[in-house]
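Student: Need coordinates for the below:
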Amino acid sequence: MKADEIRELGADDIRSRLAELERERFNLKFRGATEALANPLRLRTIRRDIARLQTVLAEKARTTEAAR
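Tutor: Predicted structure coming up:
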């Protein structure tokens, strides 16, 4: 997911997507500890998407705070 696509989402949508990715990351890490993953690079992609979501969410918080 690109940062531009994330910026178009609302804060609630970002939070729900963030929770979804955190669950997926947990499941993949758990599965990776017990068996070989079919696509181990998916963990890297998820981790980076989580970072992007958190960054955009922080940007939105700063802009709404500055607007007050």
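Student: quick one, what contacts residue 18?
Tutor: Contact analysis of residue 18 by Cβ atoms under 8 Å, 6 or more residues apart in numbering lists 50, 53, 54, 57. Every C-beta, even on glycine, is put in place using the N, C-alpha and C of the backbone.
Student: if you set the cut-off to 7 Å instead, what comes out?
Tutor: 50, 53, 54 (Cβ atoms under 7 Å, 6 or more residues apart in numbering).
Student: Would you write a PyMOL line that selects the buried entries of those?
Tutor: Burial among the contacts of residue 18 is assessed by 16 or more other Cβ atoms under 10 Å; the matching PyMOL selection reads:
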select buried, resi 50+53
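Student: ok, so of the contacts of residue 18, who is nearest residue 61?
Tutor: Proximity of the contacts of residue 18 to residue 61 was ranked by Cβ to Cβ; the top entry is residue 54 with 10.5 Å.
Student: Not counting sequence-adjacent ones, nearest residue to that closest one?
Tutor: Closest residue to residue 54 apart from its sequence neighbours, by Cβ to Cβ, 6 or more residues apart in numbering: residue 18 at 7.0 Å.
Student: The helix or strand containing residue 24: which residues count as buried?
Tutor: Per DSSP states H and E, residue 24 falls inside helix 11-34. Neighbour-count burial for helix 11-34 flags 14, 17, 18, 21, 25, 28 (criterion: 16+ other Cβ under 10 Å).
Student: For residue 37, see how far away the residue most central in space within the chain is.
Tutor: Against the mean C-alpha coordinate of the chain, by Cα atoms, centre = their mean, the closest residue is residue 50 at 2.4 Å. Distance, residue 50 to residue 37, by Cβ to Cβ, to the nearest Å: 18 Å.
Student: cool, residue 43 as well?
Tutor: 8 Å.
Student: Can you work out which residues contact both of the two?
Tutor: Listed as contacting both residue 43 and residue 37 by Cβ under 7 Å, 6+ apart are residue 28.
Student: Would you mind giving the contacts of residue 18 as a markdown table with pLDDT, secondary structure and distance to residue 6 added?
Tutor: A markdown table is the format used below for the contacts of residue 18 (pLDDT from 0 to 100; DSSP: H, G, I helix; E, B strand; the rest coil; distance: Cβ to Cβ, whole Å):
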| residue | pLDDT | secondary structure | distance to residue 6 |
| --- | --- | --- | --- |
| 50 | 98 | helix | 11 |
| 53 | 97 | helix | 6 |
| 54 | 97 | helix | 10 |
